[in-house]
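Trainee: Structure for the following, please:
(one chain, ligands or ions: 1)
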Amino acid sequence: MITVGVTGGIGSGKSTVCDVWAELGAYVLNADELAKQVMVTNDEVKKQLVDSFGSESFLDDGELNTKHLANEAFGKGRVKELNAIVHPKLPAAASQKMKEAEAQGYDIFVYEAALLLENLEPGLLDYIVLVLADEDHRIERVKQRDYSSETEIRQRIKKQRNFENVTERVDYVIRNNGTLEELEKKAEIIYQNFLTERDT
Ligand code: ATP
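Mentor: Numbering: from 1, shown residues only. Prediction:
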């Protein structure tokens with residue numbers, strides 16, 4: 001099984017690329033979804049969340065109180081604190097999902113994460129794909145997707161690294177400044193490369 005990481009800034013097109021690959025048969029794991037799973041299943045993480053963010057971190061039925069945690073993290077500037085609890089657990093959780101995907105017979109495993117390069121476990125992924133798009137496109141697309149304001153999106157972009165500076169650290173760069181169809185075509189071509197790689 002080939003393992004691939006996908007990264008890029010907000011609204012660059014990561015999820016769209018992953019959707020194309022899922023359609024083509026890949027197992028796709030999103031880091032945010034994985035983090036949410038870790039927060040409700042890992043006892044150590046659960047305890048730390050309660051210690052740091054209060055018992056309101058969980059609802060009565062044990063589900064995550066995403067509203068409370070989002071308010072604490074984003075509303076009160078405690079994102080780093082939250083990440084410090086959850087992120088160290090992600091590589092092991094991702095490895096576990098990889099094993100499950102392999103056992104299920106998947107050829108390609110894809111891990112989508114904006115903070116991939118920060119949290120990367122050496123050797124976990126065979127390839128890293130970076131999706132880039134000009135800021136104007138990203139703002140316009142996220143505006144339409146999330147109904148958020150331009151100011152809000154610009155603030156979120158500012159908090160992320162400048163992904164244009166990490167092209168040397170990745171295996172593939174997808175520039176997403178054209179149409180959706182063009183992006184899908186690029187994603188399909190790279191997927192074929194992975195399959196060829198797997199068979200050689
Ligand atoms: P985030 O980090 O915020 O989750 P992302 O990198 O996963 O963002 P997507 O959700 O894939 O980005 O794309 C952002 C929005 O832009 C989506 O609504 C998607 O459908 C749209 N989009 C992506 N690429 C294009 C394109 N080339 N043309 C038009 N719309 C696009």
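
Trainee: list the contacts for the spatially most central residue of the chain?
Mentor: In the chain, the centroid-proximal residue (CA atoms, centre = their mean) is residue 113; its distance is 2.2 Å. By CB atoms under 8 Å, 6 or more residues apart in numbering, residue 113 lies in contact with 5, 6, 7, 30, 31, 119. All C-beta spots, glycine's among them, are computed from the backbone N, C-alpha and C.

Trainee: among those, which are in strands?
Mentor: Secondary structure of those is defined by DSSP state E; positions in strands are 5, 6, 7, 30.

Trainee: Quick one: these as JSON lines, columns for pLDDT too.
Mentor: Conversion of those to JSON lines gives the following (pLDDT from 0 to 100):
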{"residue": "5", "pLDDT": "97"}
{"residue": "6", "pLDDT": "97"}
{"residue": "7", "pLDDT": "97"}
{"residue": "30", "pLDDT": "97"}
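
Trainee: do you know how far residue 167 is from residue 160?
Mentor: Taking CB to CB, to the nearest Å as the criterion, residue 167 is separated from residue 160 by 15 Å.

Trainee: hmm, back to that, of the contacts of residue 113 - the most surrounded one?
Mentor: When neighbours are counted by other CB atoms under 10 Å, residue 6 leads the contacts of residue 113 with 30 neighbours.

Trainee: for the protein, longest helix please?
Mentor: In the chain, assigned by DSSP state H, the helix with the most residues is helix 180-199.

Trainee: Could you see whether the ligand lies near it?
Mentor: Yes. For a cut-off given as CB under 6 Å from any ligand atom, helix 180-199 has contacts with the ligand, namely 180, 183.

Trainee: Show residues contacting that helix.
Mentor: 1-2, 4, 13, 16-17, 20-21, 24, 26, 107-108, 127, 129, 172, 174, 176.

Trainee: Restricted to helices, list the residues you listed.
Mentor: The helices in this structure, assigned by DSSP H, contain 16, 17, 20, 21 from these.

Trainee: Residue 82 is in contact with residue 73, correct?
Mentor: Yes. Applying CB atoms under 8 Å as the test, residue 73 and residue 82 come out as touching, 4.6 Å apart.
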